[in-house]
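Asks: got a predicted structure plus its sequence, pasted below:
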Amino acid sequence: MSDQTGPILVAEALSVGYGKKTVVDGVDLRLDRGEVLLILGHNGAGKTTLMRGIFGLIKPRAGRVLHDGADITGRRPAENVMAGIAFVPQGHGIFPSLSVRENLDLGAFAVHDTAHIPDNLKIVFEMFPILAERAGQVAGTLSGGQQQMLALGMALMHRPRVIILDEPSIGLAPNLVATVMQSVKTINQRFGTSILMVEQSVSYSLPIADRTVVIKTGRKVYDGPPAALEDRVELIKYF
């Protein structure tokens, strides 16, 4: 039975790795409803591995993952999508040889009531007008920022309750990073979508976060308000 009052997503003592190597070791994580939770850490800290373990792309070695209070540990990603959890990987996660519109149509595959698809498409085009202008364009020819908007639009097509974002700013110019971050916050505020986001761009991501977790060599070393990390000296001690 799902719990509609507690956190929407929880990882309990989660350990994830590859082969014989444990990359994430006993991490506890809580994503509250309507929250933007920012995950920070140096390269190789285990941030992406943690996200992949939560979403079911890697089967955890220990611990468990809860969604709405139900145990979903190791559940197939497709089932998680159907349950309202979207994952946007590094590198945008689009289909570069297909058109913008075809990508968005594929993003709607998990919509149970197809009558909602036109409304969802309208919302995506309202949020990202450039996608409406370039609906017939091959997605791989879009700029990096536009491809990231398309990846977010694909996630929005099935109106998920949780979006997991793995470094949405990667490879983008600073002005585009600011635009993408504002888009993430707009999605959160407009739809009440809970956002779990891994980022390297601290200066752009901290202002939109409600809470921040820092991962260091596979372990959680900080969990608290973003404001405490705005002091560079305070931030560096966790890296």
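Replies: Looks like it arrived, so ask away.

Asks: can you report how many residues lie near L121?
Replies: Close neighbours of L121, defined as other C-beta atoms under 10 Å, add up to 21. All C-beta atoms are positioned from the backbone trio N, CA, C, and that covers glycine.

Asks: do M149 as well
Replies: Count around M149 with other C-beta under 10 Å applied: 25.

Asks: tell me which residues touch the closest residue to D25 other than its chain neighbours, please.
Replies: Closest residue in space to D25, ignoring its immediate chain neighbours: G218 at 4.4 Å, by C-beta to C-beta, 6 or more residues apart in numbering. Residues near G218 by C-beta atoms under 8 Å, 6 or more residues apart in numbering: T22, V23, V24, D25, V27, A45, G46, T49.

Asks: neighbour-wise, give me the winner out of these.
Replies: V24 (31 neighbours).

Asks: hey, C-alpha coordinates of the lengthiest helix in the chain in PDB?
Replies: The helix that spans the most residues within the chain, counting by DSSP state H, is helix 174-191. The C-alpha coordinates for helix 174-191 follow below in PDB (Å, rounded to 0.1, in the frame of the first residue of the first chain):
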ATOM      1  CA  PRO A 174      26.900  29.300 -18.800                       C
ATOM      2  CA  ASN A 175      24.000  31.300 -20.200                       C
ATOM      3  CA  LEU A 176      22.300  28.100 -21.300                       C
ATOM      4  CA  VAL A 177      22.900  26.500 -17.900                       C
ATOM      5  CA  ALA A 178      21.000  29.300 -16.300                       C
ATOM      6  CA  THR A 179      18.100  28.800 -18.800                       C
ATOM      7  CA  VAL A 180      18.000  25.000 -18.100                       C
ATOM      8  CA  MET A 181      18.100  25.500 -14.400                       C
ATOM      9  CA  GLN A 182      15.200  27.900 -14.500                       C
ATOM     10  CA  SER A 183      13.300  25.400 -16.600                       C
ATOM     11  CA  VAL A 184      13.800  22.800 -14.000                       C
ATOM     12  CA  LYS A 185      12.600  25.100 -11.200                       C
ATOM     13  CA  THR A 186       9.600  26.100 -13.400                       C
ATOM     14  CA  ILE A 187       8.600  22.400 -13.800                       C
ATOM     15  CA  ASN A 188       8.900  21.900 -10.100                       C
ATOM     16  CA  GLN A 189       6.800  24.900  -9.200                       C
ATOM     17  CA  ARG A 190       4.200  24.600 -12.000                       C
ATOM     18  CA  PHE A 191       3.400  20.900 -11.600                       C
END
